[in-house]
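Asker: From the sequence below, what's the structure:
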Amino acid sequence: KSALAFNYTVDPTFWYRPGIPLLRLVPSIIFVFGLALSLASMRRLDCFLLLLWIGATVIFAGVLLENPPSSQRYVIAAPAVCMLVALALVWVGRRLQSLLGGRSVIWTAGILVVALWIAQADARFYLDEYTTSADFGGLNTEVANRAADYLNDLGPEWQAFFFGPPRMGISK
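Answerer: Residues are numbered from 1 along each chain as shown. Prediction:
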């Protein structure tokens, strides 16, 4: 479950439940390709460090902890994941240029367009689909947040007592 957090396993926690793995379909495919490229070039220090970064995250933020994969623990690997996606995109762009020819600046612009397309698709998912679902932390968090907003609006002269069981409470 921990190793497949980027491509297959869905976050089971209450805080961030997008219903999909950490990477969406297209970036996850490119990530696996970048991972394979990095594994093939593992003797290079930069590739080795990227693999170490991803591996350490999977082990220390997933395998050794409860309830993997928890997104809040995997966020530390986001830069390495982006670098592996970029590595794959650049590799594909260079191979296509060597096969089809053309100016380097045009191929670089093409890679940039693909990267921006991926970024806007992810931003659209997060801002349009996930954020508008307004399911942050489950029902208890939503109830507590609305109660807190209401009590804050009442002012400091009010005193509130909260009895929440069985829906909300502390259990031993």
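
Asker: List the residues that contact residue 27.
Answerer: By CB atoms under 8 Å, 6 or more residues apart in numbering, residue 27 lies in contact with 85, 118, 122. The way it works is simple: take the backbone N, C-alpha and C, and place the C-beta from them, glycine included.

Asker: Now the last one: which helix or strand?
Answerer: In this structure, residue 122 is located in helix 104-124 according to DSSP states H and E.

Asker: Now that helix: average pLDDT?
Answerer: In this model, helix 104-124 has a mean pLDDT of 90.

Asker: who does it touch, helix- and strand-wise?
Answerer: With contacts taken as 3 or more CB pairs under 8 Å, 6 or more residues apart in numbering; DSSP states H and E, helix 104-124 sits against helix 25-40, helix 78-100.

Asker: Go again with 6 Å.
Answerer: The contact analysis (3 or more CB pairs under 6 Å, 6 or more residues apart in numbering; DSSP states H and E) places helix 104-124 against helix 78-100.

Asker: Report pLDDT for the residue nearest to residue 107 when sequence neighbours are not counted.
Answerer: Nearest residue to residue 107 in three dimensions, chain neighbours excluded: residue 97, at 4.5 Å (CB to CB, 6 or more residues apart in numbering). The pLDDT attached to residue 97 in the predicted structure is 89.

Asker: before we move on, what about residue 42?
Answerer: pLDDT recorded at residue 42 is 88.

Asker: what does residue 52 give?
Answerer: For residue 52, the model assigns a pLDDT of 93.

Asker: Give me the secondary structure label for it.
Answerer: The local conformation at residue 52, judged by DSSP: H, G, I helix; E, B strand; the rest coil, is helix.

Asker: State the distance from the residue nearest to the spatial centre of the chain to residue 78.
Answerer: In the chain, the residue lying closest to the centroid (CA atoms, centre = their mean) is residue 22, at 4.0 Å. Between residue 22 and residue 78 the computed distance is 9 Å (CB to CB, to the nearest Å).
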